[in-house]
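[1] Coordinates for the following, if possible.
(chains A and B, ligands or ions: 1)
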Amino acid sequence: MIGSIRTKNFDWIIFPVICILLTIGVFFILSASNERYVMKQLVWIGIGFVLFFILLYFDYLLFGYYSYIIYIGVICLLVLLLVTGDAVKGSRRWFSIGSFSVQPSEFMKITLILALARFLRYKKHGLGLFDVGAAVLLTIVPMALIIKQPDLGTALTMIPVLIAILYTAGISIFYLGALFFLSLAVSPLLWFFVLQPYQKLRILGFLWPEKTADWGAGYHRLQSLIAIGSGGLLGAGWGNGTQNRLKFLPERHTDFIFAVIAEEWGFLRACFILFLYVVFFMCGLGIAKNTREPFGRLVIVGLFTMFATQAIINIAMNLGIAPIVGITLPFVSYGGSSMLTSFVALSIIFNIKIHSKIDLASE
Amino acid sequence: MYPIRNKSIFVIFLLFVFCIVARLFYLQIMESSKYKGISKTRRIRSYPLEAVRGTIFDRHGNVLAIDHHAFDISVKYRNLLYCHIVYGKNPVQRITELPAHKNTDKSCKECHEDLEKWLDGLARVLNTSRDRLLKNSKKAVKKVEQIKKNMEKKFGRPILVREENGYYPVISDVTLEKAIRIEIEKDIFPGVRVTPRSKRVYPEQATASHVIGYMGKLTGKEWEEHSEKWDNFVLDSSRSEDENSLLLYDGYAKDDFIGRTGVEAMYEDELRGMRGKRFEEIICKNTQIEKVVLERPPVSGNDIYLTIDSKIQSHAEKALGNNRGVIIVMEPQTGEILALANNPRYNPNTLNNDFTRLNRDSKKPLLNRTIQGALPPGSVFKVITAIAAMSQNTINLHTNFECNGYTNYKNIIFRCWSDSGHGSVAIEDAIPFSCNVFFFETAKRLEKELLYDWAKKFGIGEKTGIDLLFEKAGNLPDIKTTATAMNVAIGQGALLTTPLQLVRVYAAIANGGTLVQPHIMSKIKNKQGEILKTFSPDTGKKIDMRPEILSVIQKALQEVVTRGTAKNKGLEVYKVAGKTGTAETGRRDNHAWFAGYAPYDNPQYVFLILVEHTQEHGGTIAGPIAKELMSFLYPELGQSS
Ligand SMILES: [Zn+2]
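    Next up, the predicted model:
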């Protein structure tokens, strides 16, 4: 099952785009924090690239073959985490293995996509009620476990992923509408039974910033707005952002790195970052279009939706138009677990592109 | 094959991207000047809301240190400048035209009426003259105008500088009643702001000043360290619901005061509280409206209750009189310190003005001698020598040494304080009469390490662990030669102890052999009155002394008062047991000590008196001070005698 990498099928647009994003990220982590974090980030990127090339050697259909087993495995990990995991500042998101900490919720995103894609790959004649129900169930179980951790951000990205996969798999507009209204009906339950008080405050604080006492979120939002707003057209220049340099902006090397970029680089270059993500997404959907094999196509749509959702929510929360939920900017923000997850997802995308061409030739 | 629906997904994605670009455009292009703080019409500004520092109480709830509110009155710059131009004696020059003209123009005066109302209004409420208000604020106006001038010169066009949006003080330290009146009448004269400012007040003046400590301004370097610490804290923390509490800790501001010594420093984190912050959006089109964008209320600091009894403390200070020295009173069972008196003292209320003088004073009034003064203990130390020798059976009750006023060791003469000598002396006389020769002879026979070990057991040479900063450990020298042992045996030589260490030794004798941990804090309460913390001292080390040795020592200490070096000082009625000491300073004067406890049959107080650099002896000068102290602690006993 081990194929060989054909360099001509390697995606020579996405790869440089990712490299540019990574470079920009590293430079702004340096501007926002210090060398220590840059070194750590470089190590994560190094590991990410190694993982990326190793995974390319396996046929992606193997991932599909084992997807249910992986899915059940990661679900078990999530349950185990809730029962035993390290309570870091009151939340249970990490497994500590020596000095390393593993965040299973990050891996859950990819695992879910693989499982959904496998489940929906051969539904050629449209999705029935059972199919839609089962797909929703497949998504809701890990979502609930992750919200309980509590990690609202990661859980939220799963909804667009589910919708995009269902949509590509051929769900009828009727079911899609029904699903939409059903989720509207369910959300009060979520509000009353699942969300933690601080998460509710977050959301209230976003909807009515003046009226809630959630200083933390309000402060984040305001400082981020001041940073972005004072960037102007051309920005203050790299390393010169007052908001960033004066350390007013919390989490500026992780979730709020976009605000640092916008302050120091200005409007035009902030738009350039957005442009890079648009190119990335466009190429991704191009690959999906050219992939005849249904599992691969669904996986690609799912993974790109995951990236797009993360980027959009992250930037929107930097701009003060989405609640602050804790989502990183893919390939730019500082952070090990999210970086590795992004590289694994990227590797699967490249893998599908490389191997799908082979399938096409042999047909 | 199912239909390819990529296009619509991409369209939705682009829609989101479009929204983001639009928002980015709005923030960075349209509203940029508001956030940059250079807009003429809208700005975001933040200012801190001060937290009240916790109060320090004594054990009975008497206030030792408290934050008092003073109020500063400041005026919006536009209004201030207007009055300076119109009414000021030396009109301010400025390049840019100001919307204020000479008051000769009647119609214009009407349109700027609001700008000058504050001047008359404040002068009326505060009972002061307009000139005084203008004079007080002249410096600030000059400074802002200078900044503006420089900026305008640099850019060659009229510029509204950040400073022009601020408020500047016209009068400070206004009383609460007047502040309230201004607050009520604010609508009549707009542009005025009342800012509460807290001021640390020490109602008991110099009493217990070394315990309470004082506060000082943060230095630039310290502030940088604090802010760095906070920043690392922020960078290292992962996302979690903890963000809120993390942000509450907003570090220190540049000109903050911080506890420097004493309880103010030791419990800085508890006392400090957390500063609040308010963000305002200023919209300055026609009317001056301010909209609060975000506010975090300040959190008051916690209150500290001390074990100090301020009555005993102030009487101890009175008993010391003009003598340079120390009085400590402690509960022998618990280690709770009731009084920690020093002389000379300083008044923390006026410390800022006195600091340079006090710091240079050769008598070192800023020094907390009770824990920082390491001196030779003299004869007060002899109890340890006696306990060590008796525990090791080097001497017993019947061991007698002949005192002729001196003894020889390797051709060195070691003198007793009595030139004529004490004759044949056993332990029961050696302590009351403090015969040096007895202890010299004992030291000669004692295994050398033994004295060191026993001194160590009694906590000599190590910090007591009291909850005050900068405690000294003193010096317990290695005892390698017999000559050293002989010097240490009578509390001389290189041996140095702090008064607190000696109090602990006598507390151990009084309480049956437990080395307690002396402490100052008894409990911490928040402003709601809930107890957050109580002091839990170490359970105390039990010193393994044979009870019969302890009772020999206790009896000998009683006899110091009845027939020994402290007789006829009027201490018998209070059932005082103790030991005098007169340590040679190496110069021409002495340190006079008296350490003991009372009443001896059920010790309630252990005390120590030290008078530094005196011509007198332990019994003659510290004895009467002890009497003075006892007469306050047991007034009824004093009357009956
Ligand atoms: Zn003698």
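[2] and the closest residue to residue B:35 other than its chain neighbours, what does it touch?
    Taking C-beta to C-beta, 6 or more residues apart in numbering or on different chains as the measure, residue B:35 lies nearest to residue A:229, with 2.8 Å between them; neighbours along the chain are not counted. For glycine as for every other residue, the C-beta is placed from the backbone atoms N, C-alpha and C. When contacts are counted by C-beta atoms under 8 Å, 6 or more residues apart in numbering or on different chains, residue A:229 is found next to B:27, B:28, B:31, B:32, B:34, B:35, B:36.
[3] tally of neighbours for the third one?
    Taking other C-beta atoms under 10 Å in any protein chain shown as the criterion, the count of residues near residue B:31 is 18.
[4] The fourth one now?
    Burial of residue B:32, expressed as a neighbour count using other C-beta under 10 Å, amounts to 20.
[5] do the second one as well
    Other residues near residue B:28 come to 26 when the count uses other C-beta under 10 Å.
[6] Leaving out sequence neighbours, find the closest residue to it.
    Of all residues beyond its chain neighbours, the one nearest residue B:28 is residue A:267 (4.1 Å), with distances taken as C-beta to C-beta, 6+ apart.
[7] Distance-wise, check that neighbour relative to residue B:118.
    Taking C-beta to C-beta, to the nearest Å as the measure, residue A:267 and residue B:118 are separated by 41 Å.
[8] And these two? Which one has more around it.
    When residue A:267 and residue B:118 are compared for neighbours, residue B:118 comes out ahead with 25 against 21, by other C-beta under 10 Å.
[9] host element of the residue nearest to residue B:28?
    Assessed by DSSP states H and E, residue A:267 sits inside helix A:257-290.
[10] cool, residue B:582 as well?
    Residue B:582 belongs to strand B:577-584, assigned by DSSP H and E.
[11] May I have the predicted confidence score for residue 243?
    Let's take chain A. What the model reports as pLDDT for residue A:243 is 66.
[12] That was the other one, I meant chain B.
    49.
[13] next one: residue B:63
    Per-residue pLDDT puts residue B:63 at 94.
[14] For it, which non-adjacent residue is spatially closest?
    Among residues not flanking residue B:63 along the chain, residue B:203 sits closest, at 5.5 Å (C-beta to C-beta, 6+ apart).
[15] buried set for the host helix or strand of residue A:182?
    Residue A:182 belongs to helix A:173-189 when assigned by DSSP H and E. By neighbour count with 16 or more other C-beta atoms under 10 Å in any protein chain shown, helix A:173-189 contains the buried residues A:175, A:179.
[16] what does it rub up against?
    Counting by C-beta under 8 Å, 6+ apart, residues outside helix A:173-189 touching it are A:127, A:129, A:132, A:136, A:159, A:163, A:166, A:167, A:171.
[17] how does it look with 6 Å?
    residue A:132 (C-beta atoms under 6 Å, 6 or more residues apart in numbering or on different chains).
[18] do stretch A:332-346 as well
    The set of residues that contact stretch A:332-346 without belonging to it, under C-beta under 6 Å, 6+ apart, is A:21, A:25, A:29, A:37, A:41, A:44, A:48, A:51-52, A:103, A:106, A:110, A:253-254, A:257, A:303, A:328, A:330-331.
[19] could you flag which of the residues you listed are buried?
    Buried among the contacts of stretch A:332-346 by 16+ other C-beta under 10 Å: A:21, A:25, A:29, A:37, A:41, A:44, A:48, A:52, A:103, A:106, A:110, A:253-254, A:257, A:303, A:328, A:330-331.
[20] Helices - which of those land there?
    Taking DSSP state H as the definition of helices, the buried ones among the contacts of stretch A:332-346 contribute A:21, A:25, A:29, A:37, A:41, A:44, A:48, A:52, A:106, A:110, A:257, A:303.
[21] Kindly identify which of those residues also come near the ion.
    Taking C-beta under 5 Å from the ion, there is no overlap between those and the neighbourhood of the ion.
[22] Identify, from those, the entry nearest to chain B.
    Each of those was checked against chain B using C-beta to the nearest C-beta; the closest is residue A:37, at 7.0 Å.
[23] thinking again about what came up before, the strand holding residue B:582: what's the following helix or strand?
    Counting by DSSP H and E, the element after strand B:577-584 in chain order, helix or strand, is strand B:590-598.
[24] Which other helices and strands does that next one contact?
    With contacts defined as 3 or more C-beta pairs under 6 Å, 6 or more residues apart in numbering or on different chains; DSSP states H and E, the packing partners of strand B:590-598 are helix B:499-511, strand B:577-584, strand B:605-614.
[25] could you give the mean pLDDT of the shortest one?
    Put plainly, it is strand B:577-584. Averaging pLDDT along strand B:577-584 gives 90.
[26] That strand pairs with which strands, parallel or anti?
    Paired with strand B:577-584 in the same sheet, following DSSP bridges, are strand B:590-598 (antiparallel).
[27] so residue B:402 bridges to which residues?
    Here residue B:402 sits in beta bridges with residue B:424, as judged by DSSP bridges.
[28] What count of nearby residues applies to it?
    Using other C-beta under 10 Å, residue B:402 has 13 other residues around it.
[29] correct me, but it touches residue B:424?
    Yes: with contact defined as C-beta atoms under 6 Å, residue B:402 counts as touching residue B:424 (5.5 Å).
[30] So, low pLDDT: which residues of the stretch 1-150 of chain A?
    By pLDDT under 70, the low-scoring segments of the stretch 1-150 of chain A are A:1-8, A:85-102, A:124-125.
[31] and residue A:326, that one's in a helix?
    No: according to DSSP: H, G, I helix; E, B strand; the rest coil, residue A:326 belongs to no helix; its state is coil.
[32] That one: how many residues sit nearby?
    For residue A:326, the neighbour count with other C-beta under 10 Å is 23.
[33] And the pLDDT for it?
    For residue A:326, the model assigns a pLDDT of 79.
[34] now residue B:631
    pLDDT for residue B:631: 91.
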